[in-house]
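>>> Below is the sequence, then the predicted model.
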Amino acid sequence: MKAIVTVLGKDKVGINAFVCNILASRNVNILDISQTLMQDMFTMIMVVDVSAATESFANLSETLKTEGLAQQLEIRIAREEIFDAMHRV
């Protein structure tokens, strides 16, 4: 199953590595990634494959949220079909 991970926060060294380490340690594969710096704000969107994840989607979502807040980042994950439905015009 594919999912979309979004990351927002004030730019600092290591954000990409921080998020990638969380995902890799839970066997989540990154399929595509896009990141942008808007003045001093970091934004990243990732398409990931969670089909082989070592924890449930709900636990992964909570981990990303909690770990992100500890780093002053907003990290969210949504199933691809939910993300698509929310952004359909």
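Nice, I can see it.
>>> surely Ile77 meets Leu64?
Yes. Here Ile77 reaches Leu64: they are 5.6 Å apart, a contact under C-beta atoms under 8 Å. From N, CA and C alone the C-beta is placed, and that goes for glycine too.
>>> Who are the packing partners of the helix or strand harbouring Thr6?
Per DSSP states H and E, Thr6 falls inside strand 2-10. Packing partners of strand 2-10 (3 or more C-beta pairs under 8 Å, 6 or more residues apart in numbering; DSSP states H and E): helix 15-24, strand 41-49, helix 57-70, strand 73-79, helix 80-86.
>>> can you do 6 Å?
Strand 2-10 sits against strand 41-49, strand 73-79, helix 80-86, with contacts defined as 3 or more C-beta pairs under 6 Å, 6 or more residues apart in numbering; DSSP states H and E.
>>> closest to Cys20 out of these?
strand 41-49 (8.7 Å; C-beta to C-beta).
>>> list the buried ones in that closest one?
42, 44, 46-48 (16 or more other C-beta atoms under 10 Å).
>>> so Ile15 makes contact with Thr43?
No. If you go by C-beta atoms under 6 Å, Ile15 and Thr43 don't touch, sitting 10.1 Å apart.
>>> circling back to that earlier point, I'd like the buried residues of strand 41-49 laid out as JSON lines, including distance to Ser56.
JSON lines is the format used below for the buried residues of strand 41-49 (distance: C-beta to C-beta, whole Å):
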{"residue": "Phe42", "distance to Ser56": "28"}
{"residue": "Met44", "distance to Ser56": "23"}
{"residue": "Met46", "distance to Ser56": "19"}
{"residue": "Val47", "distance to Ser56": "20"}
{"residue": "Val48", "distance to Ser56": "15"}
